[in-house]
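[1] need a 3D model of the sequence below.
(one chain, ligands or ions: 1)
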Amino acid sequence: MQLLRDLIIEEINKKGKIPFAGFMQMALYHPKYGYYNSDKERVGRFGDFYTSPAVHTIFGELIAKQLEEMWRIMGKVSFTVVEMGAGRGWLCCDIVQCVMQEYPEFYDHFHYIIVEANPYAKEKQRALLMSVGIPDDKVSWHTYTSGGFSFGNIQGCFLSNEFVDALPVHRLKVKKGILKEVYVSYNGDDFYEIEDEVSSELLKRYHENCQIYLKEGQEYEVNLDVAEWLRHVSGKLQKGFLITIDYGDTVNGIHRSADGDGTLRCFYKHTVNKDYYKRLGEQDITADVEFTHLMTMGTLAGLEVTGFAKQSHFLIALGVLDKLNNMNNDVETILKVKNLFHPEGMGDIFKVLIQHKNVGNPSLTGLRPLSSITI
Ligand SMILES: C[S@@+](CC[C@H](N)C(=O)[O-])C[C@H]1O[C@@H](n2cnc3c(N)ncnc32)[C@H](O)[C@@H]1O
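    Modelled structure (predicted):
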């Protein structure tokens with residue numbers, strides 16, 4: 001998109017160069033032309049990628065089951081779910097409908113907040129919820145900006161699916177033993193990358209906090225915004241949980257290619273590319289989530305680690321196999337749902353991190369050992 005390109009060039013011309021994270025912030029979140037602020041379909045068949053809520057309602061139904069257990073563990077208090085970046089609103093719709101139908105007592109104590117920046121997405125979410133008869137007062141919309149959340153303290157659970165991977169990342173590299181950051185500049189024709197001094201103290205301290213050994217020449221993406229977000233989440237969460245679902249792994253589990261490339265990539269119409277400077281505002285840019293960083297930063301912010309599991313583990317522990325058994329050989333649906341937990345589908349690459357605050361030492365069904373399951 002030419003207008004977005006011009007605005008990024010203007011920004012670079014003012015400063016000489018900008019950290020890659022600044023470029024990614026503009027490409028994805030420019031208020032008018034950013035990829036995530038448009039009215040175009042991003043998720044699903046006509047978008048650029050699929051997400052689990054787009055695959056089947058079972059995903060939301062199993063999360064609803066986990067939320068209901070959290071509510072009981074917390075003593076059946078008023079319970080607010082806060083979902084970050086709800087896309088088309090499928091996950092919210094499936095969770096609220098399931099709670100309404102299967103857990104009436106929980107439903108009476110339950111409220112859902114969608115945190116959404118995109119005004120078009122908000123309208124689509126509202127229309128979807130209205131179309132299935134979810135009462136107006138069960139769901140409300142709020143925002144999250146650098147100043148924090150637009151609602152007060154809550155008890156309940158913060159929830160996100162593929163929110164963290166969509167936050168801008170800084171790109172770090174060690175060159176001849178010295179830590180460098182990747183910046184973006186412009187030569188009059190094209191964008192180009194420069195490696196220079198790291199742009200902030202926080203970045204310098206990142207690998208110390210996460211206790212990682214940066215290999216010579218290897219690129220690492222660092223998501224600084226996630227630490228800030230965790231501080232805001234913990235600030236609002238009086239008591240409860242945080243469920244973060246995304247692709248990625250622990251710092252040692254993330255697969256990094258032998259040629260030194262990081263995990264950064266773009267999605268455009270269901271294909272993957274590394275042309276970060278093309279199709280500006282028209283393609284997604286994303287990096288694997290480094291969950292060790294979320295655990296470390298969460299702990300510093302007052303969020304204890306409840307557990308970490310593959311999405312396959314989480315869904316199987318919550319009973320996805322029983323649900324499949326009850327599907328009367330509806331092969332098409334069974335194959336769709338299998339994709340959610342199959343290792344070559346979304347089962348292994350997606351992970352679930354659960355953190356908690358002021359709820360003792362909770363034991364959750366979604367994290368129980370799979371050896372305890374009988375089918
Ligand atoms: C990859 S999409 C995931 C959509 C949805 N959760 C799903 O699973 O289909 C990432 C979402 O995070 C949202 N997001 C990023 N920053 C945000 C912010 N500050 N406030 C609200 N949403 C945000 C984006 O707008 C986008 O909708």
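[2] low-confidence stretches in this protein?
    When residues are selected by pLDDT under 70, those of the chain lie in 1, 209-212, 373-375.
[3] interface residues of it facing the ligand?
    Counting by CB under 6 Å from any ligand atom, the residues of the chain close to the ligand are 36, 43, 51, 53-54, 84-87, 115-118, 121, 144, 161-163, 166. (C-beta placed from N, C-alpha, C; glycine too.)
[4] surely Gln238 touches Asn153?
    Yes. Counting by CB atoms under 8 Å, Asn153 is a contact partner of Gln238 at 5.0 Å.
[5] what about the residues of the chain next to the ligand, which are in helices?
    Among the residues of the chain next to the ligand, DSSP state H puts 53-54, 121 in helices.
[6] pick out the residue of the stretch 51-200 of the chain closest to the ligand.
    Nearest residue of the stretch 51-200 of the chain to the ligand: Gly85, at 2.3 Å (CB to the nearest ligand atom).
[7] pretty sure that residue is touching Asp165, no?
    No. Gly85 lies out of contact with Asp165 (CB under 8 Å); the separation is 10.4 Å.
[8] spatially nearest residue to the residue of the stretch 51-200 of the chain closest to the ligand (excluding sequence neighbours)?
    Leaving aside its chain neighbours, Gly85 sits nearest to Phe163 (4.4 Å; criterion: CB to CB, 6 or more residues apart in numbering).
[9] that neighbour - how many residues pack around it?
    When neighbours are counted by other CB atoms under 10 Å, Phe163 registers 22.
[10] so it touches Val82, yeah?
    No. With contact defined as CB under 8 Å, Phe163 does not reach Val82; the gap is 11.1 Å.
[11] need phi/psi at the closest residue to Asp225 other than its chain neighbours.
    Distances taken as CB to CB, 6+ apart place Leu167 nearest to Asp225, at 4.6 Å, with adjacent residues excluded. Note on Leu167: backbone dihedrals following degrees, to the nearest 10 are phi -90, psi 150.
[12] pretty sure Leu167 contacts Ala227?
    No. Contact criterion CB under 8 Å: Leu167 and Ala227 do not qualify, at 10.5 Å.
[13] burial count for Asp261?
    Asp261: 12 neighbours (other CB under 10 Å).
[14] restrict the top strand by length along the chain to CA atoms and write it as PDB.
    The longest strand of the chain (DSSP state E) is strand 237-249. Extracted as PDB, the C-alpha positions of strand 237-249 are listed here (Å, rounded to 0.1, in the frame of the first residue of the first chain):
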ATOM      1  CA  LEU A 237      -6.100  -9.100  37.900                       C
ATOM      2  CA  GLN A 238      -7.000  -9.100  41.600                       C
ATOM      3  CA  LYS A 239      -7.400 -12.800  41.500                       C
ATOM      4  CA  GLY A 240      -7.500 -15.400  38.700                       C
ATOM      5  CA  PHE A 241      -5.700 -16.700  35.700                       C
ATOM      6  CA  LEU A 242      -4.100 -15.800  32.300                       C
ATOM      7  CA  ILE A 243      -4.400 -18.200  29.400                       C
ATOM      8  CA  THR A 244      -2.000 -17.500  26.500                       C
ATOM      9  CA  ILE A 245      -2.400 -19.600  23.400                       C
ATOM     10  CA  ASP A 246       0.000 -19.100  20.500                       C
ATOM     11  CA  TYR A 247       2.600 -20.700  18.300                       C
ATOM     12  CA  GLY A 248       6.200 -20.900  19.700                       C
ATOM     13  CA  ASP A 249       8.000 -22.700  22.500                       C
END
